[in-house]
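Trainee: fold the following and give me the result.
(one chain, ligands or ions: 1)
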Amino acid sequence: MPRVVALAGGVGGAKLALGLQLVLAPGDLAVVVNTGDDQEFHGLLVCPDHDTVLYTLAGLADRERGWGLAGETWAAAGQLARLGEPTWFQLGDRDLALHVHRTRRLRDGERLTTIALDVAARLGVATRILPMSDAPVRTRVRTADGWLAFQDWFVRLRQEPAVLEVAFDGAERAPSGRAQMTPEVQAALAGADAIVICPSNPLVSIAPILAVPGIRDAIADARRRGIRVVAVSPIVAGRALKGPADRMLAALGEEVSALGVARRYIGLIDAFVIDEADAALAPAVERLGIRAVVAPSVMTDDASRAALARIVLDACLA
Ligand code: FO1
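Mentor: Residues are numbered from 1 along each chain as shown. Got it, this is the predicted structure:
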């Protein structure tokens, strides 16, 4: 079985990661997750994209809501509200246990990666879920009212203000550039037979991963070794399957289509999977020097997740 590294954000990334986990042998998949969305609530570090991937791969996710745990209860949130705490970012009771546990271990001096690997093992996940960096990277967005922390914009303001600029503090903009590729991410990319870019938001899920010093170069090194990098479009028929990617591309003056996403990945990927609804875009994608693979790409159940994973792996390995 090939060893596969997938780059993923939240919901869309988790779905394809699950498809890959379903078709690969246990332990042959590593998922590098975006930590730019991480934020502290009630003094606890919450890592939404990591946790969405973790809960999905553990079979614990609430598939309707897209985030958090199935069968969750909300007693702690109710009590926090009575105590006057802001509860616009909803944390369920069992989800809170993870944030308490992770924050305690971080304060004891452990690395985010060590904690993530241990937690995944405890939840029975054989896939290696790797934070993109141990040091914090924080995505911020600039709107007409100024800069906002990512979750303030995404959840509290329901992604309503148009995004004029995106920054990844701790990666590209911090004076010291503290974040760096972890040894685990480096080893995964160096040993990969295939690299997959999941159908996640290219602007705020994949871009922060690529902004971590070392990761883009490690992917380029893999390609020089002959390893193929295949991405899947998160835009189908001009619309994001989930989340604000379409509105963000439009506000930033980019084309809202699979082709617009492909343009962002020029020089990074070998092949791009676009949905059958976008078959007409295939020649334009190929003119960018990227092989276009036209396939059903909307994942509605485990069968379609596994089917897309097989198409992606074929494109990497054929
Ligand atoms: N998304 C929401 O729209 N509302 C919430 O209250 C919310 C809480 C939340 C708690 C834990 C978690 O892991 C994710 C949560 N999300 C919530 C999702 C999260 O904001 C998004 O998935 C991402 O950050 C965008 O990828």
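Trainee: only C-alpha atoms for contact and neighbour calcs from this point on.
Mentor: Noted.
Trainee: can you tell me which residues contact Ser200?
Mentor: With contact set as Cα atoms under 8 Å, 6 or more residues apart in numbering, Ser200 has these partners: Ala8, Gly9, Gly10, Val11, Gly12, Gly13, Ile206, Ser233, Pro234.
Trainee: who's in contact with the second one?
Mentor: Applying Cα under 8 Å, 6+ apart to Gly9 gives the contacts Val33, Asn34, Asp49, His50, Cys198, Ser200, Asn201, Ser205, Ile206.
Trainee: burial count for the closest residue to the ligand within the chain?
Mentor: Per Cα to the nearest ligand atom, Pro48 is where the chain lies closest to the ligand, at 3.3 Å. Residues within reach of Pro48, counting by other Cα atoms under 10 Å, total 22.
Trainee: likewise for Arg228?
Mentor: So Arg228, with other Cα under 10 Å, has 24 neighbours.
Trainee: what does Gly13 give?
Mentor: Neighbours around Gly13, by other Cα under 10 Å: 28.
Trainee: and if you look at Met1?
Mentor: By other Cα under 10 Å, 10 other residues sit near Met1.
Trainee: ok, back up a step: the contacts of Gly9 in strands, which ones?
Mentor: Using DSSP state E to define strands, the subset of the contacts of Gly9 located there is Val33.
Trainee: the residue of the chain closest to the ligand is in contact with Gly10, isn't it?
Mentor: Yes. Judged on Cα atoms under 8 Å, Pro48 makes contact with Gly10 at a distance of 7.1 Å.
Trainee: just the mean pLDDT for the helix or strand containing Val5, thanks.
Mentor: Using DSSP states H and E, the element containing Val5 is strand 4-8. The average of the pLDDT scores along strand 4-8 is 98.
Trainee: now do the SS call for Val294.
Mentor: Assigned by DSSP: H, G, I helix; E, B strand; the rest coil, the conformation of Val294 is strand.
Trainee: correct me, but it touches Ala271?
Mentor: No. In this structure, Val294 is not within contact of Ala271 by Cα under 8 Å, at 10.4 Å.
Trainee: between those two, which is the more surrounded one?
Mentor: The neighbour count for Val294 versus Ala271, taken as other Cα under 10 Å, is higher for Ala271 (24 against 18).
Trainee: beta partners of the more buried one?
Mentor: Counting by DSSP bridges, Ala271 forms beta bridges with Val230, Arg291.
Trainee: could you measure from it over to Ala306?
Mentor: According to Cα to Cα, to the nearest Å, Ala271 stands 19 Å off from Ala306.
Trainee: which residue, neighbours along the chain excluded, lies closest to Arg138?
Mentor: In space, Arg138 comes closest to Gly36 once its chain neighbours are excluded; the distance is 4.5 Å by Cα to Cα, 6 or more residues apart in numbering.
Trainee: let's verify that neighbour: helix, strand, or coil?
Mentor: Applying three-state DSSP: Gly36 is coil.
Trainee: burial of the closest residue to Glu72 other than its chain neighbours, as a residue count?
Mentor: Using Cα to Cα, 6+ apart and skipping the chain neighbours, the partner closest in space to Glu72 is Gly92 (5.9 Å). As a burial measure, Gly92 scores 18 neighbours (other Cα under 10 Å).
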